[in-house]
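> pasting the structure only:
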């Protein structure tokens, strides 16, 4: 069992609040992929996304004693990231949406590929195709897709985070899938999009921990 699996978020938070600052590195490593996908799906560049991630980790660290566990930590820190994204764009909330009919049994957009998927999805060509396809989706739908399909959040968690109804989560997800189908012919695993690889992960850890050490 590696260190990321050994401690729960509650364990880490407790230790950090008791003075073990170094334990916060676990939080950074654990949530780098999730926050990165949120920033990139908001159309921020790689560099801007990293800046937003750094701000989010520092904001979360400073407010750690205010985390009451009413929502899971993943939702809590994702909300901070979203708020930072909104603030940067001077946009504080999603626009209200008129409900439409939706099909809960729609065909999944991404299915398991048959051969050598891992090799294919990490190619620059495919990465570009997928990012361009996501860039063509309105933000409201792209964010739901990112949280549900890429960050593996439940309908309830997504609803809570975006402050929309669970029914609207389903509507937006189905719309997002339909939009993406127009741009992508082949099926790939959604969680492999916008990979935040180990090189960037280590760099983010160093950035955040250097700041925290001075607080």
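Thanks, I have the structure now. From a predicted model like this one, the values you see are computed outputs, not experimental measurements.
> pLDDT weak spots in this structure?
1-4, 90-130, 184-199 (pLDDT under 70).
> my guess is residue 158 meets residue 145, correct?
No. Counting by CB atoms under 8 Å, residue 145 is not a contact partner of residue 158; they are 9.9 Å apart. C-beta: built from backbone N, CA, C; applies to glycine.
> What's the local residue count around residue 45?
Residue 45: 10 surrounding residues under other CB atoms under 10 Å.
> Tell me who's in contact with the residue most central in space within the chain.
In the chain, the centroid-proximal residue (CA atoms, centre = their mean) is residue 34; its distance is 3.2 Å. Neighbour list for residue 34: 74, 77-78, 151 [criterion: CB atoms under 8 Å, 6 or more residues apart in numbering].
> Break the protein down into its domains, please.
3-92+196-214, 117-192 (automatic domain parsing).
> Helix or strand: which one has residue 153?
Assigning secondary structure by DSSP states H and E places residue 153 outside every helix and strand.
> can you pull the contacts of it?
Counted by CB under 8 Å, 6+ apart, residue 153 has contacts 74-75, 78, 147, 161.
> switch the cut-off to 6 Å
residue 147 (CB atoms under 6 Å, 6 or more residues apart in numbering).
> go on, residue 169?
Counting by CB under 6 Å, 6+ apart, the residues that residue 169 touches are 144, 155, 158-159.
> How much space separates it from residue 154?
Using CB to CB, to the nearest Å, one gets 9 Å for the distance from residue 169 to residue 154.
> And for residue 200?
Taking CB to CB, one finds residue 200 at 27 Å from residue 154.
> Of the two, which one has the most company?
residue 200 (17 against 14).
> Can you tell me how far residue 28 is from residue 81?
Residue 28 is 13 Å from residue 81, by CB to CB.
> Can you report how many residues neighbour the closest residue to residue 43 other than its chain neighbours?
Spatial nearest neighbour of residue 43, excluding adjacent residues (CB to CB, 6 or more residues apart in numbering): residue 135 at 6.5 Å. The local packing of residue 135 (other CB under 10 Å) involves 12 other residues.
> Residue 135 and residue 207: what is the separation?
Residue 135 is 26 Å from residue 207, by CB to CB.
> tell me the contacts of residue 51?
Per CB under 6 Å, 6+ apart, neighbours of residue 51: none.
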